[in-house]
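Enquirer: sequence plus predicted model, see below.
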Amino acid sequence: WFLGSEVVEVYAQMNRIMHGDAVEVETGGLAMLTFADGTFASIDCSWSRPFNYPTWGGLTMDLIGQRGVVNVDAFRQNMTLYSNRGDHPAWLPWMSDADRAMIAEFVAAIEEKRPPSVTGLDGYKALEVVIAAYRSAESGQPLQLPL
């Protein structure tokens, strides 16, 4: 829903290199998503921090487009915007509880008798991407969506 285009292909690899002796699930993964409009995205996730690291990991997202870059850092609760206009970067903290915001949006949708901003179909399609990533990692081949 964020990009306005649907994922049409998923290619993924996964491993258990980090902490493989301590957990029974994959600890690293990389997925390449291709969207219907030709946009592509990569998802790089891992449990690559030592056990004594102060947080369980990092959660960042970079959106790179024709007019600039948006960097979202969930643990720092901020976004940094970099524009092609040559302006200084803009730092936009949201300083709130993201879980609370999601629940508030859901409750508001019910009270206002409107669809939520992220629908059940959006969740279904996100789950389909995850399932495709697991299947792609197993087969070593890209998978077309819908499954």
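Expert: Sure thing, it's come through.

Enquirer: show me how the record splits the protein into domains.
Expert: Domain assignment for the chain by automatic domain parsing gives 1-58+97-137, 59-95.

Enquirer: between those, which gets nearest to Pro146?
Expert: The minimum distance between Pro146 and the domains of the chain falls on domain 1-58+97-137, with 6.5 Å, by CB to CB. Using the backbone N, CA and C atoms, a C-beta is placed for each residue, glycine as well.

Enquirer: just the mean pLDDT for the closest one, thanks.
Expert: For domain 1-58+97-137, the mean per-residue pLDDT is 89.

Enquirer: check which helices and strands the helix or strand where Ala31 lies sits against.
Expert: Element membership for Ala31, per DSSP states H and E: strand 28-35. Other helices and strands packing on strand 28-35, by 3 or more CB pairs under 8 Å, 6 or more residues apart in numbering; DSSP states H and E, are strand 7-15, strand 40-46, helix 120-139.

Enquirer: tell me which of the ones you listed sits most buried.
Expert: strand 7-15 (a mean of 18; mean count of other CB atoms under 10 Å).

Enquirer: can you tell me what sits against that one?
Expert: Applying CB atoms under 8 Å, 6 or more residues apart in numbering, the contact partners of strand 7-15 are 26-36, 125, 129, 132-134, 136-137, 141-145.

Enquirer: and the angle from that strand to helix 120-139?
Expert: Interaxial angle, strand 7-15 versus helix 120-139 (axes from the mean of the first three to the mean of the last three CA atoms, to 10 degrees): 50 degrees.

Enquirer: could you tell me which strands sit next to strand 7-15 in the sheet, and their orientation?
Expert: In the sheet, strand 7-15 lines up against strand 28-35 (antiparallel), strand 143-144 (antiparallel) (DSSP bridges).
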